[in-house]
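In: have a look at this prediction, sequence included:
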Amino acid sequence: MPKFSANLSFLYQELPFLDRFAAAEKDGFCALEYLGPYAEPKEKVADALKASGLKQALFNVPSGDWAGGERGIACLPDRIDEFRHGVTLALDYAKALDCPQVNVISGLAPKGADPQVLEKVLVDNLKYAAARAADAGVKLLIEPINLRDIPGFFLSTTEHAERILDKVGSENLYIQYDFYHMQIMQGDLIPTFTRLRDRIAHVQIADNPGRNEPGSGEINYRFIFSELDRLGYDGWVGCEYKPKAGTSEGLGWMKPYLE
Ligand SMILES: O=C(O)[C@@H](O)C(=O)CO
Ligand SMILES: [Mg+2]
């Protein structure tokens, strides 16, 4: 049976951030994830998590000025210090929230930048971060993201993610496989997941087109969930979609999987 994690940066937008925790528990989720908890003190987030009884599945390492259009800073040559301070902050929150994994958002490739330079910065930053995370007992992840939603994103295919993992050479660096992004970029979802099974630590779901509830589009999630079980995937399934008309109202797709 898949274990579903509610992505609170997408679900329950109708509620204040910390109130989303209890709402997710009430609807049957086992865990939580979100882009970042950093707007709230870690003690307050830990209290809300404890009160909900849910597990913290994942969040992102600080990713620059998100509201201003940045999408991560890990590949940017002039932001190395900021990235590394962000790793320290993320691991501090991970400890307070007992979170087993954090995700690094690679960043937009600046116009005219040499991709080889960006790749070296990303690899060096990930070597640093994977070692720090290993010391803290936390897995480090990277996520390929589709270029239609985020034009210019530096890491957009599983092949590129594999190359980065090879270059970093750490046993503590994994892929976050987002079925929605990979349907747009590559398709061939289950054969790709199967090939990369040992390198994937977290998956996320949404349907295409629209990035709405599973079952609203072209991806066969019934088949995907049964394949995840068959392949022995025991990580979380992050629900990172835009509810069409209310989060709770749109959870009919999840009911068959609740025990
Ligand atoms: O797929 C996504 O958008 C995310 O998982 C994320 O963390 C930031 O873009
Ligand atoms: Mg994602």
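Out: That came in fine, so what should we check first? Ligands and ions are numbered 1, 2, ... in the order given.
In: show me the residue of the protein that gets nearest to ligand 2, please.
Out: Here the residue of the chain nearest ligand 2 is Asp178; by C-beta to the ion that distance is 3.7 Å. (C-beta placed from N, C-alpha, C; glycine too.)
In: can you tell me the element the closest residue to that residue other than its chain neighbours falls in?
Out: Closest residue to Asp178 in three dimensions, ignoring its sequence neighbours and counting by C-beta to C-beta, 6 or more residues apart in numbering: Gln204, at 4.2 Å. Assignment of secondary structure by DSSP states H and E places Gln204 within strand 200-205.
In: packing partners for that strand?
Out: Of the remaining helices and strands, those touching strand 200-205 by 3 or more C-beta pairs under 8 Å, 6 or more residues apart in numbering; DSSP states H and E are strand 101-104, strand 139-142, strand 173-178, helix 179-185, helix 221-230, strand 236-239.
In: kindly reformat these as TSV containing mean pLDDT, distance to Val61 and mean neighbour count.
Out: Rendered in TSV, the data for these read as follows (pLDDT from 0 to 100; distance: least, C-beta to C-beta, whole Å; neighbours: other C-beta atoms under 10 Å):
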stretch	mean pLDDT	distance to Val61	mean neighbour count
strand 101-104	99	5	25
strand 139-142	99	8	24
strand 173-178	99	12	24
helix 179-185	99	18	22
helix 221-230	98	26	15
strand 236-239	98	16	25
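In: residue numbers of the stretch 1-150 of the chain in contact with ligand 1?
Out: Taking C-beta under 6 Å from any ligand atom as the criterion, the neighbours of ligand 1 within the stretch 1-150 of the chain are Leu35, Asn60, Asn103, Ile105, Glu143, Ile145.
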